[in-house]
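A.B. asks: Here's my sequence, what's the structure:
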Amino acid sequence: MSVNGIVVSAGIAFGKALTITTQLPPLDFKLLSSEKINLEQQQLTQAINNLIAHLRHCQHHLCPDCDHFQLIDSDIMLLEDEELQQQLYLHISQFRVGAAVAVDRIFNQHAAEMSALDDPYLANRSDDIICLAKRLTSALHGHLQWDLSTLTEDTILLADDLTPAEFAILPLTHITGVILESGGLTSHTAILARAAGIPALLSYQFSQSKNTIIDGTQLILDGLSGELHIAPSPELFDQLKQKQQQELQRRQALMIYKDKPSQTLDGHRVTLLANVGNLNEISHITDVGAQGIGLFRTEFFLMNAKALPDEHQQYKLYCDALHSLQANILTIRTFDIGADKEIPCLTQDNEDNPALGIRGIRYSLAHPDTFITQVKAILRAASHGNIRLMFPMVSQVEELEAAFVLIEQAKAELIEQQKSFGTISYGIVVETPAAVLNLPSMLPHLDFVSIGTNDLTQYTLAADRTNPNLAKEYPPLSPAVIQLITLTISHCKQTDVSVSLCGELGSDPQVLPLLVGLGLDELSINPTSFLDVKVALIKGNYQQYVEHAQHVASLTRIDDIAKAINAFAHDYDRVCK
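C.D. replies: Next up, the predicted model:
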């Protein structure tokens, strides 16, 4: 049997099904009979012991100095706390409730007390306590939630959703594919899956399906066609194994283009950079021939940090990144915090509509100490290499001016502390229609501009990028978005400010002719798509790309744009073959 989903990361994956969920059974508030109280307390003891044993087992796979190891230590210490255990046992006997109810009440009480503390780190531990309560409740029901440390065979993970922080701790050596019920094409979990080269599908409602997928069932995730095959026949298994091998051979054949100049057949050069989220990705971009980093998502290394890295720690990180790049350019985006990215080590208010709330540059300006610490680290690292710094979600010149005031304060502090620093170029990520329309007032302050099409599409079309139900009706290539990209390029060209594109749109080889034809001279691409995009560039003709872009830009319907893009790509594939 096979079902369809939306491909967010291409490739073919084989593995056994494993479903993880954050959904727990509803609490049962029925009063216990006297004879069941002792039994409930014993079950709680067993669940605590099982969870502690599991956490200790997880630690065996981690370095004792890493953040994850220390966070697990904190959880173990809390579970072993005799006073906490006595509170739980007393609550069961005094109020004659089940162990799950006692855990919910006592842990929430502790979390509330913790969140009220003045110390930001201890206050943020309240979230960890709530998470630990869920895991203990899960253990009470006979299974250890997120028990992925013991995986020994290829596994395809099925989840209702994964946050970027949850994705970051997956044992990727055994996770061959991911299937999500929710999330969007440009959600950060989708971006992480693509960056890791893991095939992924979304919008498959496996928990509501009549054909329940039992853990251990053989699955094949075809991220080329968008199909999930459940318990495939031996013939289909062999057929898709062959298809997977052909795809691997195709990717290997692309390596001959790694060191070729990134220019069209008629000599038009385009700078091709890479999007990355951690040092491991940076160390591998030379494998595909990237000319540097066009987007370093610095907030991703905060996802599982127990505290905000200080200036020295950040300085070392950026220096390590420069060293890995071997004199190539490093474009750092300041912390893009908010929306669908929760950072446990930072204070974030609950918002009714976080995508329209305190995110990107707004968060930085609201928390100047965090911003200045990062800027000081980046300025110091700039004395060791070529760094560009860009600010996310800037929509108006006042925000940009406020950021530069803080940058001058950061420089003044470095001078006072007698710390040397280098010169950097400054830019913004254009992600809102307001940024495009206000660009003329901001360009005098800028050295470069990068177009972030993920959010630009979301805010232009008023369509949540994480909502899979909107993915088909509101794709990234729409007349309005193309007009805004064209206008951005025009503004920049008129003032000789460099313009790039770092959104997921740039990682689609079929869209490459349009983007280059519109006038972009620089693209920043996911490493896994890099060579596909480069081949599309060097096998094409710039003048034909310009004519193609003019045609596409004149179209007024989404389906006509898609047909034109596909037809142009098909004609080029036929000619190249």
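A.B. asks: wait, isn't Ala355 in contact with Ala463?
C.D. replies: No: taking contacts as Cβ atoms under 8 Å, Ala355 lies outside contact range of Ala463: 10.7 Å. Just so you know, the C-beta spots here come from the backbone N, C-alpha and C atoms, and that holds for glycine as well.
A.B. asks: the strands in the stretch 151-300 of the chain, which residues?
C.D. replies: Counting by DSSP state E, counting those that start in this stretch, residue ranges of the strands within the stretch 151-300 of the chain are 155-159, 175-180, 200-202, 218-222, 227-230, 271-276, 292-297.
A.B. asks: got CSV for these, with mean neighbour count, distance to Ser478 and mean pLDDT too?
C.D. replies: Formatted as CSV, the strands of the stretch 151-300 of the chain follow (neighbours: other Cβ atoms under 10 Å; distance: least, Cβ to Cβ, whole Å; pLDDT from 0 to 100):
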stretch, mean neighbour count, distance to Ser478, mean pLDDT
strand 155-159, 24, 30, 89
strand 175-180, 25, 24, 89
strand 200-202, 27, 20, 84
strand 218-222, 23, 28, 92
strand 227-230, 20, 27, 89
strand 271-276, 26, 22, 95
strand 292-297, 25, 22, 95
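A.B. asks: Switch those over to CSV; also include distance to Ile332.
C.D. replies: Putting the strands of the stretch 151-300 of the chain into CSV (distance: least, Cβ to Cβ, whole Å) gives the following:
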stretch, distance to Ile332
strand 155-159, 31
strand 175-180, 28
strand 200-202, 27
strand 218-222, 34
strand 227-230, 38
strand 271-276, 11
strand 292-297, 5
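A.B. asks: So which of those strands is nearest Ala553?
C.D. replies: Checking the strands of the stretch 151-300 of the chain against Ala553 by Cβ to Cβ gives strand 271-276 as the closest, at 22.5 Å.
A.B. asks: list the helices and strands the closest one packs on?
C.D. replies: helix 188-196, strand 292-297, strand 522-525, helix 530-538 (3 or more Cβ pairs under 8 Å, 6 or more residues apart in numbering; DSSP states H and E).
A.B. asks: Quick check: which of the strands of the stretch 151-300 of the chain is nearest to Asp238?
C.D. replies: strand 218-222 (10.9 Å).
A.B. asks: ok now the closest one, how far from the chain's centre?
C.D. replies: From the chain centre to the centre of strand 218-222 is a distance of 23 Å (Cα atoms, centre = their mean, to the nearest Å).
A.B. asks: Next: stretch 428-442.
C.D. replies: With Cα atoms, centre = their mean, you get 24 Å for stretch 428-442.
A.B. asks: and if you look at stretch 77-86?
C.D. replies: What separates the centre of stretch 77-86 from the centre of its chain is 35 Å, taken as Cα atoms, centre = their mean.
A.B. asks: From one end of that stretch to the other, what's the distance?
C.D. replies: 15 Å (Cα to Cα, to the nearest Å).
A.B. asks: Let me see the ranges of the strands in the stretch 1-150 of the chain.
C.D. replies: Under DSSP E, counting those that start in this stretch, the stretch 1-150 of the chain gives strands at 2-4, 6-9, 12-20.
A.B. asks: Tell me the spacing between Asp455 and Ala434.
C.D. replies: 12 Å (Cβ to Cβ, to the nearest Å).
A.B. asks: More neighbours: which of those two?
C.D. replies: Set side by side, Asp455 and Ala434 show more neighbours around Asp455, with 23 against 13, by other Cβ atoms under 10 Å.
A.B. asks: could you dump the helices and strands packed on strand 271-276 to TSV with distance to Thr334?
C.D. replies: TSV is the format used below for those (distance: least, Cβ to Cβ, whole Å):
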stretch	distance to Thr334
helix 188-196	16
strand 292-297	10
strand 522-525	16
helix 530-538	24
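A.B. asks: any idea which of those is most buried?
C.D. replies: Of all the helices and strands packed on strand 271-276, strand 522-525 has the most neighbours on average by mean count of other Cβ atoms under 10 Å, namely a mean of 27.
A.B. asks: And the contacts of it?
C.D. replies: Strand 522-525 is contacted by residues 270-275, 290, 293-295, 331, 450, 498-502, 506-507, 512, 515, 533 when judged by Cβ atoms under 8 Å, 6 or more residues apart in numbering.
A.B. asks: For Pro392, which of the strands of the stretch 1-150 of the chain is the nearest?
C.D. replies: Taking the strands of the stretch 1-150 of the chain one by one with Cβ to Cβ, strand 6-9 is closest: 21.5 Å.
A.B. asks: Pull the CA coordinates from the closest one and hand them back as PDB.
C.D. replies: The C-alpha atoms that make up strand 6-9 are tabulated as PDB, following Å, rounded to 0.1, in the frame of the first residue of the first chain:
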ATOM      1  CA  ILE A   6       4.200  16.700   0.300                       C
ATOM      2  CA  VAL A   7       8.000  16.400  -0.300                       C
ATOM      3  CA  VAL A   8      10.000  18.700   1.800                       C
ATOM      4  CA  SER A   9      13.400  16.900   1.300                       C
END
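A.B. asks: Can you give the strand pairings for it, parallel or anti for each?
C.D. replies: Sheet pairing for strand 6-9, assigned by DSSP bridges, gives strand 200-202 (antiparallel).
A.B. asks: residues touching Val436, list them.
C.D. replies: By Cβ under 8 Å, 6+ apart, the neighbours of Val436 are 430, 456, 484, 487-488, 491.
A.B. asks: Could you find the closest non-adjacent residue to it?
C.D. replies: Leaving aside its sequence neighbours, Val436 sits nearest to Leu484 (Cβ to Cβ, 6 or more residues apart in numbering; 4.9 Å).
A.B. asks: Leu88 now?
C.D. replies: Nearest non-adjacent residue to Leu88 (Cβ to Cβ, 6+ apart): Ala102, at 4.9 Å.
A.B. asks: for Gly506, same thing?
C.D. replies: Leu523 (4.4 Å).
A.B. asks: if we look at the sheet, which residues does that neighbour bridge to?
C.D. replies: Leu272, Leu501.
A.B. asks: change the start of the numbering to 608 and stick with it
C.D. replies: Taking 608 as the first residue, the last one we looked at is Leu1130.
A.B. asks: where along the stretch 1058-1184 of the chain do the strands fall?
C.D. replies: So, for the stretch 1058-1184 of the chain - with DSSP E, counting those that start in this stretch - the strands run 1105-1108, 1129-1132.
A.B. asks: How far off centre is the last one?
C.D. replies: The chain centroid and the centroid of strand 1129-1132 are separated by 18 Å under Cα atoms, centre = their mean.
A.B. asks: Please apply the same query to the first one.
C.D. replies: Relative to its chain's centre, strand 1105-1108 lies at 22 Å (Cα atoms, centre = their mean).
A.B. asks: And for that strand, what's in contact with it?
C.D. replies: When contacts are defined by Cβ under 8 Å, 6+ apart, strand 1105-1108 is touched by residues 878, 880, 901, 1034, 1054-1058, 1060, 1092, 1095-1096, 1099-1100, 1122, 1126-1131.
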